[in-house]
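Visitor: pasting the sequence and the predicted model now:
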Amino acid sequence: MRFWNAFVPIALVPIVAADFHHGTVSCKFPQILKPLEYGVILPSYNDTCEAATSPNLDVQQLYNFHESEHHPVLVSICNVSVMWSRSTHNWTSRDGTSGGVCYDLSGGSQTQNCNGGVAACQYIDEGYCTSHTCATPGSSEAQ
């Protein structure tokens, strides 16, 4: 019995979710008829409209979402190059050492509105991919 008691504390350690999210952004600028639209990958700890529209590319990775409908896209998220596929719902690291599955959000896509400078923007969070790639800095999952 003492043998099994040694494993109980290990089983109770919380697992840190370090997923990354994928979605689309649409920004409408004054005086321009067609909105700027792009796909975005964000770490789950910074999954906001403000981060999705930030000019700071350390926060997110942009991609052509029309291209992602038919072909995997190569993006860099949390200092790891990943090949992400909307159609197959999976991702793999460029070096092939890790990968994971992507899921739609339960309850459907979630929409957030924000201002991206002078533009009125909308971020649609469509889903997430399981990964330890984007663990929050200082967590036990950080690489």
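Guide: Structure's in. What do you need?
Visitor: how about the nearest residue to residue 72 once chain neighbours are set aside: which residues does it bridge to?
Guide: Nearest residue to residue 72 in three dimensions, chain neighbours excluded: residue 85, at 4.0 Å (C-beta to C-beta, 6 or more residues apart in numbering). Bear in mind the C-beta positions are built from the backbone N, C-alpha and C, glycine included. Bridge pairing for residue 85 (DSSP bridges) gives the partners residue 90.
Visitor: residue 43 too?
Guide: Listed beta-bridge partners, residue 43: residue 20 (assigned using DSSP bridges).
Visitor: what is the least confident helix or strand in the protein?
Guide: Sorting the helices and strands of the chain by mean pLDDT, DSSP states H and E puts helix 8-11 at the bottom, at a mean of 40.
Visitor: give me the number of residues near the residue nearest to residue 72?
Guide: Residue neighbour count, defined by other C-beta atoms under 10 Å, stands at 15 for residue 85.
Visitor: same thing with residue 75?
Guide: 22.
Visitor: what residues are up against it?
Guide: 41, 61, 63, 81-82, 84 (C-beta atoms under 8 Å, 6 or more residues apart in numbering).
Visitor: run the last query once more with 7 Å
Guide: By C-beta atoms under 7 Å, 6 or more residues apart in numbering, the contact set of residue 75 is 41, 61, 63, 82, 84.
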